[in-house]
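Asks: generate coordinates for the sequence data below:
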Amino acid sequence: MTVLAGNILNAHTHLELGCLAHLCPGRGGNAFVPWIGALIAARHEISASGELPFQRSAEEGIAQLLASGVATVGDISATGASVEPLLASDLSGVVYLEVLGMDRESARRHLRERQRRIDALRRRETAGGVRVGLSIHAPYSCHPELFREGAAWCWAESVPLCVHVGESRAERDLLQTGAGGFSALPNVFNVADVPAPGCSPVAYLQDLGVLEAQPLLVHCVQVDSADIARIAAAGAAVAHCPRSNRLLQCGRMPLEQMLAAGVRVYLGTDSLASSPSLDVREEAAAANRLHDGKVTPQAVYALLHTELVVL
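Replies: Numbers count the residues shown, from 1 in each chain. Just a heads-up that it's a prediction; the model follows:
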């Protein structure tokens, strides 16, 4: 295990998505499924015209992180645009290259490409700098074989792993019954050939061996006490993004139960497409309001300075 210490930690960002800040829901919020549908469409439109907006967003995001006192970051990059700016920055942390896909063979090809890229980039890692990891996006967007193979590789090669899980009620419903809000996006997440496992998203990851790689689990809003026990027993960590969860109408993560179970919890802002800023100090203030009466302000603000622990 590696401890990446910094003055302030922002454990979950998508820096390259700053160019999609216009998708950030307003004060009343927006349901998760239509929001992600709009996000995917907007990303495809930008990708068709080139990657420059994503790289520019990553560079601007790094400047915003440094201005807010952040020294350590956990960033997810779907396009790869944030990798070079982060490796060249004064930050420490991890940049996770994202992989996803519900078609088994194309997903496996995507994984192989990511593995080759990560292997090459890891040769450039320096002590105290940014490491390179893998993000297997989410249970609703990834074939189970992608989780099995990707997690096993991360564990064998000591590659940091990150997964979005338990973010929305739609995700929970999809895994438990095969129904729910994701049916509105049939052309994006085709799950017809992957039967619903009939369990919670966290239990699903456990069954696939993902928790053995001690991943950083992002969101974990739709979890129960059994899920929290699974996370704690595996030694996995959780990135908590209260403002994004509120604006996307995902619910409240049970922070007090996580901390009582001994789970390592970090604060993250998520992307500017779902959060009003990359200032994790504002995230802490929002978390303090959200968990008022359940978690002390001291415990909430201590999360700002928690050391990031990865494989």
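Asks: by contact count, what packs against the helix ranked longest in the chain?
Replies: In terms of residue count, the longest helix belonging to the chain (DSSP state H) is helix 104-122. Counting contacts by 3 or more Cβ pairs under 8 Å, 6 or more residues apart in numbering; DSSP states H and E, helix 104-122 packs against strand 92-99, strand 130-136, helix 144-157. To be clear about C-beta, it is placed using only N, CA and C from the backbone, and glycine gets the same treatment.
Asks: list the buried residues for that helix?
Replies: 107-108, 110-111, 114-115, 118, 121 (16 or more other Cβ atoms under 10 Å).
Asks: same check on stretch 147-159?
Replies: 147, 149-151, 153-155, 159.
Asks: quick check: mean pLDDT of it?
Replies: Per-residue pLDDT values over stretch 147-159 give a mean of 98.
Asks: with stretch 286-294 instead?
Replies: pLDDT averaged over stretch 286-294 gives 98.
Asks: next: stretch 234-249.
Replies: Rounded mean pLDDT across stretch 234-249 is 98.
Asks: equivalent analysis for stretch 266-281, please.
Replies: 98.
Asks: got the end-to-end distance for it?
Replies: Chord length of stretch 266-281, first to last residue, is 12 Å (Cα to Cα, to the nearest Å).
Asks: swap in stretch 169-184?
Replies: 14 Å.
Asks: hmm, who's touching it?
Replies: 31-34, 37, 138-140, 165-166, 168, 189, 191, 195-201, 204, 222, 250-251 (Cβ atoms under 8 Å, 6 or more residues apart in numbering).
Asks: equivalent analysis for stretch 113-133, please.
Replies: 2, 4, 73, 80, 83, 86-87, 89, 91-99, 134, 153-154, 159-162, 310.
Asks: run the last query once more with 7 Å
Replies: 83, 86-87, 89, 91-97, 99, 134, 153, 159-162, 310 (Cβ atoms under 7 Å, 6 or more residues apart in numbering).
Asks: gap between residue 286 and residue 155?
Replies: As judged by Cβ to Cβ, to the nearest Å, residue 286 and residue 155 stand 34 Å apart.
Asks: just residue 295 next, same as before
Replies: Taken as Cβ to Cβ, the span from residue 295 to residue 155 is 31 Å.
Asks: shaky segments in the stretch 1-150 of the chain?
Replies: Scanning the stretch 1-150 of the chain for pLDDT under 70 picks out 1, 3-6, 50-51.
Asks: ok, 90 please
Replies: Along the stretch 1-150 of the chain, the model assigns pLDDT under 90 to residues 1-7, 27-29, 40-41, 44-52, 102-104, 126-128.
Asks: now, which of the buried residues of helix 104-122 sits nearest residue 52?
Replies: residue 121 (20.6 Å; Cβ to Cβ).
Asks: per-residue pLDDT of residue 187, please?
Replies: 54.
Asks: from here on, call the first residue 2.
Replies: Fine by me, first position is 2 from now on; the one you just mentioned is residue 188.
Asks: show the buried residues in the contacts of stretch 170-185.
Replies: Buried among these (16+ other Cβ under 10 Å): 32-34, 38, 139-141, 166-167, 169, 190, 192, 198, 200-202, 205, 223, 251-252.
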